[in-house]
Structures are given as C-alpha cells and as structure tokens.
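K.L.:
sequence-free structure coming up:
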Ligand code: HEM
C-alpha cells in the first residue's frame, strides 16, 4: 500500500478531485427596493412557531436538513418574536454577507445568547466602530507568528494531560480536552506558564469558568435560554455562574493594574490594560472583563469540542483512523494528514453550526429577495453538507483535503469577513498539536458503536456524550 506522502507527492491537481466540487452560481447581495419588490420572498417553514423553536433548540440538525429538503437553499424560520431569521446555505450568499460593508450587514452576535454572559462591550458582541477598534487591538496577540510561541506550551499541556487518562474504562474526552485548552488560553491571557497557583485570583477564575461551562449544559440552563428572549441579562443558573466568575475576574484585573512595568509584559491582559482609545482613554474594568470572558469562553470550549468531535469521528471510521495513525507514527505525510483530519472534522461537525448578519438594505438571495432589517443566518452545517460541494457529504473522508485547500466561502467553521474568528490560528495550532500527540501516543477505541448525537448548547454543537472513548494503550 502506498503511503499518504506518495499518494499526494508532487500532484498539481488535487489528489481526490471527485470529493470536493462546486456549487452552481446563485446571485446575491444588496439590491434596490424596486428590484426586491419584483422578486418572491423566501418560503416559510410550514410548522407552528412553538414547534419550530423547540425543534431548532433541541434537534437543530433534523430541523435544518428537513427544511432544506422541502424548501431548498433558502427558507425562513418563524420564532416567538416576529421577523424570524432567513436561513441560507449557498456559498455565493455567504460571500455576499462576508464581503458586505459592515453597516449594510452587521453581525447578529450583538443579539446572541452569549450576550448576557459576555456583556455588551466585547469584540464578539459589539457592532460598528467599537467592534473594529477592539478587533484591531486584539489582532496582534492572535496572529500566526505570535501563536508559534505557544506551540511548546500547548505540547507540554497536552503531554501532562494525556498521561493522566485512565486505561481500559470509558471516559469522555470533552472535559479532558477542555483542561488542555483552558490552560492554553489562560496562559496566553495572563502570561503564566502551566496552571495558575492555588488560591490566586487566576486560580479561582479557572475554577469558576469550569463551573459556568458545566452549568450551561444543565437542562435548567437550556430552559432558561429558551425563555430568555430579551437577552439583556443572564437568568437562573447561568446568572449565578456569571456572578461567581465576575468576582475573581475583577480581582485579577485589579491586581494586574497595580503591577509595575506592565509595558514589559506581552500577555493579553497587560495589553488590554495599556490600550488607549482614539481619545486617549483607557478601557474600564467592565470593558476589560467583557473582553477577558469572551476570550476564555469563546476560545477554549469550542476548540475542546472540535477535538472531541475529531476523535468521535475517528474511532468510528477505521480507514481515517488508520491513515492518521500511520502518518503520525511513521512521520510520513504526518502534517498533511493531521491537517486533512482537522479540516474534515470541522466540515462534518462544525462546533458553531450557524452565524448571522442583519441586512440593513434589501438583499437578493438567489431567486428570492428579503427586505431591509431582516436577520439572515448562514447555516455552516448545511453549507458543509451540500452534495455539489462535498460528494457523499455524510461520510467522514479526510482524504478530500489531501493536496487541496478549503474554499473561503465553502468551508466556514470560523465564519468570515471582518468577523472571522479571532482565535482561528490559535485553535488550529492547538488542534494540530493535540491531535498529533493523541494519535501518535494513544490507542483509542469507541466506547459505543453508535455515533454520538449532537447537543446544542448556546451557539455551539457538541458531542452529546462528550466523545466517549476507551484507552487501550499508551506509549
Ligand atoms: C475550533 C475552535 C473555534 C471555532 C469553531 C470558532 C468559531 C468561531 C466563529 C464561527 C466565529 C464567528 C462568529 C460570527 O461571525 O458570528 C468566531 C468568532 C470569534 N472567535 Fe472563535 N472559534 C474557535 C476558537 C476560538 C479561540 C481559540 C478564540 C480565542 C482565544 C476565539 C475567539 C473568537 C472571537 C474573539 C470572535 C469574535 C470575532 C469578531 O467578531 O470580530 N475563537 N469564532
């Protein structure tokens, strides 16, 4: 059998052209009101509002795939409030929204279920000039070159963690992966090596983050989310979790403000404390708090769950698992195989399954038009499961990506445009290191033969059992 490296060496053409295709063109973008008046509106999902909301929250996959089967690439959902989102899954529509002027299609993250937790002042939840300012401020520490500095630290955190995994009994990967990714993001934010020292505010912040994440999976939190329609403030268990997290967070900020020689530090917190607005003002404690929580919460759970999905898929797909093991254990084509496995995982199980924009002018979406002030959601999950883009879309086939780079509007697990994930380079670096080390050192098996269901939590889609595996051997 040829190795991965031989199969892909010196090919100018993609190695597996039949596994990635193209979608037929579909016009999209801002249009004049007169043109919009002449086009039909997208079809509405023909189910009662309450049923749609429950299905969307509990069985989002079945809901969106069912609606696309019946209604096509573009359809409208009805929610409890008037003006439910239009959902699209065509890459040309995605391109029109990602490349739109920010004032024509601002992000819907300002209305996100994360807002009660993260506050209104973070780079994720802000829109308009404030968003651009915060983004510019935070870009340098998340740039590819800056991330290279973290690689050794990610490798250490990984080795430390996997040495503790139990042998021959089932366990969930998600909390274990979360321990690694939480260490990495906290180290980047606070500029500390390894775990924070017991009893320090950083230590209590880490504990509170873990508790808040655990609380947000509880059925109580899910009900709270469904009922929290105004999305101004957290309610129920989440409110309690946020309160417990705020105390150490503000303590960390206060302690750091008192430190001398802040200008010599390169960590993200010190950077935020030294930042000046155009008017020369510093960020308030509340602004710094919102930013820190955003980076910790947006940054570690998403990456941990992506890694858990990678293993959930690998242990049920022997060919992909074997190709990865062979590559990382012989070193032959290892980098490429690891990359292909990550890209295919994020295609088939995007942890953030949809993202949205509010179009402020009439917008064309293929054969349809929507009026100004309509929320338009891009279903990442549906884009990634288009038969024309990805033949056999429900199959897990990392080899699709050997010798091929994913398309900007066809593979969108990190979103795109001026709201593209700020942590994408960090997340990819973490996933490369962790996937390589776990595949090289561990013999993992599925804890049960059936694939894990997807559970929807806040804006994420995670493996319902946390990616349960059995570790049979460790080198
Ligand atoms: C596999 C891991 C990750 C996935 C799948 C992911 C996904 C996404 C997506 C889809 C968006 C766009 C949201 C939108 O347009 O509505 C986003 C934004 C963002 N992500 Fe990530 N993310 C990941 C890891 C990270 C990490 C490690 C960090 C930081 C440490 C991070 C921080 C952010 C921030 C700050 C934004 C807001 C950017 C802006 O609005 O300008 N993410 N992420």
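P.N.:
All right, it came through fine. Values in this document were obtained by computation on a predicted structure and should not be read as measured data.

K.L.:
Indicate the residue of this structure located nearest to the ligand.
P.N.:
residue 423 (2.0 Å; C-beta to the nearest ligand atom). Bear in mind the C-beta positions are built from the backbone N, C-alpha and C, glycine included.

K.L.:
who's in contact with that residue?
P.N.:
Contact analysis of residue 423 by C-beta atoms under 8 Å, 6 or more residues apart in numbering lists 142, 295, 298, 299, 303.

K.L.:
what does residue 379 give?
P.N.:
64, 87, 88, 89, 353, 354.

K.L.:
Next, format the residues you listed as TSV and append neighbour count, distance to the ligand and secondary structure.
P.N.:
As requested, the contacts of residue 379 are arranged in TSV below (neighbours: other C-beta atoms under 10 Å; distance: C-beta to the nearest ligand atom, whole Å; DSSP: H, G, I helix; E, B strand; the rest coil):
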residue	neighbour count	distance to the ligand	secondary structure
64	24	16	helix
87	27	14	strand
88	30	14	strand
89	27	15	coil
353	22	9	coil
354	22	9	strand
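
K.L.:
Looking at the protein, which helix is longest?
P.N.:
The longest helix of the chain (DSSP state H) is helix 285-314.

K.L.:
For this protein, what lies in contact range of the ligand?
P.N.:
107, 109, 123-124, 135, 185, 294-295, 298-299, 302-303, 306, 351-352, 355, 413-415, 419, 421-423, 426-427 (C-beta under 6 Å from any ligand atom).

K.L.:
how about the strands in the stretch 1-150 of the chain?
P.N.:
Taking DSSP state E, counting those that start in this stretch as the test, the strands found in the stretch 1-150 of the chain are 28-30, 74-76, 86-88.

K.L.:
tell me the most buried of those?
P.N.:
Highest mean neighbour count of the strands of the stretch 1-150 of the chain: strand 86-88, a mean of 27 (counted as mean count of other C-beta atoms under 10 Å).

K.L.:
and for it, what are the contacting residues?
P.N.:
Against strand 86-88 from outside (C-beta under 8 Å, 6+ apart): 42, 64, 67, 73-77, 94, 354, 365-366, 370, 374-379, 382.

K.L.:
and it, which strands flank it?
P.N.:
strand 74-76 (antiparallel), strand 374-379 (parallel) (DSSP bridges).

K.L.:
where does the stretch 151-300 of the chain dip in pLDDT?
P.N.:
216-237 (pLDDT under 70).

K.L.:
on that earlier part again, the strands of the stretch 1-150 of the chain into a markdown table, with extra columns for distance to residue 437 and mean pLDDT?
P.N.:
A markdown table is the format used below for the strands of the stretch 1-150 of the chain (distance: least, C-beta to C-beta, whole Å; pLDDT from 0 to 100):
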| stretch | distance to residue 437 | mean pLDDT |
| --- | --- | --- |
| strand 28-30 | 42 | 98 |
| strand 74-76 | 42 | 97 |
| strand 86-88 | 38 | 97 |
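
K.L.:
JSON lines for those, including distance to residue 341?
P.N.:
Formatted as JSON lines, the strands of the stretch 1-150 of the chain follow (distance: least, C-beta to C-beta, whole Å):
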{"stretch": "strand 28-30", "distance to residue 341": "32"}
{"stretch": "strand 74-76", "distance to residue 341": "32"}
{"stretch": "strand 86-88", "distance to residue 341": "28"}
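
K.L.:
For residue 131, which of those strands is the nearest?
P.N.:
Proximity to residue 131, assessed across the strands of the stretch 1-150 of the chain by C-beta to C-beta, is greatest for strand 28-30 (20.1 Å).

K.L.:
Run through the neighbouring helices and strands of that closest one.
P.N.:
helix 91-98, strand 363-365 (3 or more C-beta pairs under 8 Å, 6 or more residues apart in numbering; DSSP states H and E).

K.L.:
so how far is the shortest one off the chain centroid?
P.N.:
Pointing back at strand 363-365 there. Computed by C-alpha atoms, centre = their mean, to the nearest Å, the chain-centroid distance of strand 363-365 equals 26 Å.

K.L.:
Okay, now the sheet partners of that strand, with direction.
P.N.:
Here strand 363-365 is paired, per DSSP bridges, with strand 28-30 (antiparallel), strand 368-370 (antiparallel).

K.L.:
In CSV, list those strands along with distance to residue 259.
P.N.:
Shown next, in CSV, are these (distance: least, C-beta to C-beta, whole Å):
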stretch, distance to residue 259
strand 28-30, 49
strand 368-370, 51
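
K.L.:
Can you say which of those strands is nearest to residue 403?
P.N.:
Of those, nearest to residue 403 by C-beta to C-beta is strand 28-30, at 29.8 Å.

K.L.:
So what's the gap between that closest one and the chain middle?
P.N.:
With C-alpha atoms, centre = their mean, you get 26 Å for strand 28-30.

K.L.:
cool, stretch 443-454 as well?
P.N.:
Taking mean C-alpha positions (C-alpha atoms, centre = their mean), stretch 443-454 and its chain are 22 Å apart.

K.L.:
do stretch 296-307 as well
P.N.:
The answer for stretch 296-307 is 7 Å, by C-alpha atoms, centre = their mean.

K.L.:
what's next to that stretch, contact-wise?
P.N.:
Contacts of stretch 296-307 (C-beta under 8 Å, 6+ apart): 114, 117-118, 124, 173-174, 177-178, 180-182, 184-186, 189, 205, 209, 212-213, 342, 345-346, 349, 351-352, 413, 423, 426-427, 430-431, 434-435, 460, 462-463.

K.L.:
if I read this right, residue 79 contacts residue 49, doesn't it?
P.N.:
Yes: counting by C-beta atoms under 8 Å, residue 79 touches residue 49, with 6.4 Å between them.

K.L.:
which residue ranges form the helices in the stretch 1-150 of the chain?
P.N.:
4-8, 33-37, 49-58, 60-71, 91-98, 115-118, 129-142, 144-148 (DSSP state H, counting those that start in this stretch).

K.L.:
mean confidence score for the shortest one?
P.N.:
What helix 115-118 shows for mean pLDDT is 76.

K.L.:
other SSEs contacting that helix?
P.N.:
Packed next to helix 115-118, using 3+ C-beta pairs under 8 Å, 6+ apart, are helix 236-258, helix 285-314.

K.L.:
Find the one among those with the highest mean neighbour count.
P.N.:
Most buried among the helices and strands packed on helix 115-118, counting by mean count of other C-beta under 10 Å: helix 285-314, with a mean of 24.

K.L.:
Next secondary structure element downstream of that helix?
P.N.:
helix 318-330 (DSSP states H and E).

K.L.:
Now tell me what touches that next one from outside.
P.N.:
3-4, 313-315, 332-334, 336-338, 341, 344, 396-399, 435-436, 439-440.

K.L.:
Repeat the analysis, applying 6 Å as the threshold.
P.N.:
Residues from elsewhere that reach helix 318-330 (C-beta atoms under 6 Å, 6 or more residues apart in numbering): 4, 314, 333, 334, 337, 341, 396, 398, 436, 439, 440.

K.L.:
Right, I'll leave it there.
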